[in-house]
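**Student:** What would the 3D arrangement of this be:
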Amino acid sequence: MAQAGGGGGAAGGRAAGGSGGSPGGVDAAAIFASLDRDGDGKLSRSELGPIIEQANQANRAAGKGAGNDDFFGSMDADGSGFVDPAEARAFFEQIGRMAEPEEGAGGSSPKSEL
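**Tutor:** All right, here's what the predicted structure looks like:
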């Protein structure tokens, strides 16, 4: 994952949900702060570009979809063109829940794929 470039101060990190801990073991505030490179408190498509490309490549490699799904659009729930802290938190929590092994499923956890 790319390192945050100087932004991501208190406004970017704290706005994503206070304590940072959340269901699924995902620290949405820390993730948001590390991605919010300009520190404006919202994520742009360009800030998420490297993550989007990695997700698309992983999907293509796993034979899941064409690998060009609108990953950003799935995060930008209100269609504003930016991902705000609440949208990011909801998305990261959903991903965290999806990565948890199902009860009684046995086997290894898919968390290593994220």
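
**Student:** After the lowest-mean-pLDDT helix or strand in the chain, heading C-terminal, what element do we hit next?
**Tutor:** Taking mean pLDDT, DSSP states H and E as the measure, the helix or strand of the chain with the lowest value is helix 10-14, at a mean of 37. Under the assignment DSSP states H and E, the closest C-terminal helix or strand after helix 10-14 is helix 28-35.

**Student:** Past that following helix, which element shows up next along the chain?
**Tutor:** Immediately after helix 28-35, counting by DSSP H and E, sits helix 45-61.

**Student:** Show me what that next one packs onto, helices and strands only.
**Tutor:** Contact partners of helix 45-61 among helices and strands, from 3 or more C-beta pairs under 8 Å, 6 or more residues apart in numbering; DSSP states H and E: helix 28-35, helix 71-75. Where you see a C-beta, it was placed from the backbone N, CA and C, and this is true even at glycine.

**Student:** among those, which is the most enclosed?
**Tutor:** helix 28-35 (a mean of 22; mean count of other C-beta atoms under 10 Å).

**Student:** Report all helices and strands that that helix contacts.
**Tutor:** The contact analysis (3+ C-beta pairs under 8 Å, 6+ apart) places helix 28-35 against helix 10-14, helix 45-61, helix 85-99.

**Student:** switch the cut-off to 6 Å
**Tutor:** helix 10-14, helix 85-99 (3 or more C-beta pairs under 6 Å, 6 or more residues apart in numbering; DSSP states H and E).

**Student:** what's Leu35 in contact with, if anything?
**Tutor:** By C-beta atoms under 6 Å, 6 or more residues apart in numbering, the residues touching Leu35 are Leu43, Glu47.

**Student:** I'd like the numbering to begin with 72 instead of 1 from here.
**Tutor:** With 72 as the first residue, the last one maps to Leu106.
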